[in-house]
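Trainee: Any chance you can model this:
(one chain, ligands or ions: 1)
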Amino acid sequence: MTHVVATRPDLAAALAAVDPASRRAVVMTMGALHAGHLQLVREARALVGPSGHVTVTIFVNPTQFAPGEDLASYPRTFDADLAACREEGVDLVFAPAPDVVYPDGDPVVTVDPGELGTLLEGAVRPGHFRGVLTVVAKLLSLTRPHVALFGEKDYQQLTLIRRMVRDLDLGVEIVGVATVRADDGLALSSRNGYLSDAQRTVARAVPAALAAGREAAAAGGDPCEVETAVVRALSAYDVTVDYAVVRDAQLGPAPSSGEARLLVAVRVGSVRLLDNCRLVLGAPA
Ligand code: PAF
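Mentor: Coordinates of the predicted model:
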């Protein structure tokens, strides 16, 4: 049975009733659940086992939206989300209102994401990662899991959460889960619903760009050549490129060979699309 709570006392009571010997996982979401979220839930269950405990949080976090962003229009589909959680056998859903998470209004003490928080997504959305890390730290404190799972789709977010947990000794295991894609290759995202049919066709630019990047890397391209191939692939579509970069796996400067990450962000009309993939750079065998 899926237990649903919205307040701190009810959450604390629900967690107190969990067998202390069982392993607990949390999947944090902003709702509008899609197959990517459900994959996180399934991997959470696989990690904690049938006798473990899986919590899903549903909270559209205001502090990670800048003024003028889509906080008010962000899709809210609570009944369908709950039905999906029940279907997946989630043990506990924590769906607080903003004043439950932020009882004193905007927090005065927040988590500083450091320099990485100002790059890539952080350059386009100033303050975004401070809001993300602060709410993730709060939800970790409130739900006290052994393991928390996040999608690789938001790779910079995942990287910063791992770093926060290490730097602040938060004592939770962070697991990244592979991106789930639609048949046309587009990474699933709650914001894909903003795309018109015509924009959805243009959005194929993103998987096409990742494929071009992977191909250039497999042909022995260096980071610069890979980025050039990606930008060339994107230029065939009517998109505005926010960034298309190769970095190392922790999002530091790209290595000349070995494991790297390609990150792409574009705008199709006013809809932003992010994606990324692993690359192996170096001379082909
Ligand atoms: O990835 C998201 O949905 C959000 O950024 C998160 C991690 C739930 C924090 O609000």
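Trainee: As a check, name the ranges of all helices in the stretch 1-150 of the chain.
Mentor: Along the stretch 1-150 of the chain, counting by DSSP state H, counting those that start in this stretch, helices occupy 8-16, 35-48, 78-87, 98-101, 121-124, 128-143.
Trainee: okay, those helices in a markdown table with mean pLDDT next?
Mentor: Formatted as a markdown table, the helices of the stretch 1-150 of the chain follow (pLDDT from 0 to 100):
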| stretch | mean pLDDT |
| --- | --- |
| helix 8-16 | 98 |
| helix 35-48 | 98 |
| helix 78-87 | 98 |
| helix 98-101 | 98 |
| helix 121-124 | 97 |
| helix 128-143 | 98 |
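Trainee: was I right about residue 191 contacting residue 272?
Mentor: Yes - proximity of residue 191 to residue 272 meets the contact threshold set by Cβ atoms under 8 Å, at 7.4 Å. (Each C-beta comes from the backbone N, C-alpha and C, glycine too.)
Trainee: Please say which of those two ends up with more neighbours.
Mentor: Per other Cβ atoms under 10 Å, whichever of residue 191 and residue 272 has more neighbours is residue 272, with 19 against 14.
Trainee: Pretty sure the more buried one sits against residue 242.
Mentor: Yes - the pair residue 272 / residue 242 is scored as a contact, 7.1 Å apart, by Cβ under 8 Å.
Trainee: can you list residues touching both of the two?
Mentor: 124, 265, 266 (Cβ atoms under 8 Å, 6 or more residues apart in numbering).
Trainee: Select only the buried ones of these in ChimeraX?
Mentor: Buried residues within the shared contacts of residue 272 and residue 242, by 16 or more other Cβ atoms under 10 Å, are selected in ChimeraX with:
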select :265,266
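Trainee: could you dump the shared contacts of residue 272 and residue 242 to TSV with distance to residue 175?
Mentor: Rendered in TSV, the data for the shared contacts of residue 272 and residue 242 read as follows (distance: Cβ to Cβ, whole Å):
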residue	distance to residue 175
124	27
265	24
266	28
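Trainee: Which one of the shared contacts of residue 272 and residue 242 is nearest to residue 52?
Mentor: Nearest to residue 52 among the shared contacts of residue 272 and residue 242 is residue 265, at 35.3 Å by Cβ to Cβ.
Trainee: where does that closest one land in three-state SS?
Mentor: Following DSSP: H, G, I helix; E, B strand; the rest coil, residue 265 is assigned to strand.
Trainee: ok, it - contacts?
Mentor: Counting by Cβ under 8 Å, 6+ apart, residue 265 makes contact with 120, 121, 124, 241, 242, 243, 244, 272, 273, 274, 275.
Trainee: for residue 150, same thing?
Mentor: Counting by Cβ under 8 Å, 6+ apart, residue 150 touches 28, 40, 157, 158, 161, 174, 175, 176, 177.
Trainee: tell me the pLDDT at it?
Mentor: Residue 150 is assigned 98 on the pLDDT scale.
Trainee: same deal with residue 285?
Mentor: We have a pLDDT of 59 for residue 285.
Trainee: Could you do residue 255 as well?
Mentor: For residue 255, pLDDT reads 96.
Trainee: which residues does it contact?
Mentor: With Cβ under 8 Å, 6+ apart, residue 255 has these contacts: 223, 248, 281.
Trainee: neighbours of the residue nearest to residue 271 when sequence neighbours are not counted, just the number please.
Mentor: Distances taken as Cβ to Cβ, 6 or more residues apart in numbering place residue 194 nearest to residue 271, at 4.6 Å, with adjacent residues excluded. Residue 194: 18 surrounding residues under other Cβ under 10 Å.
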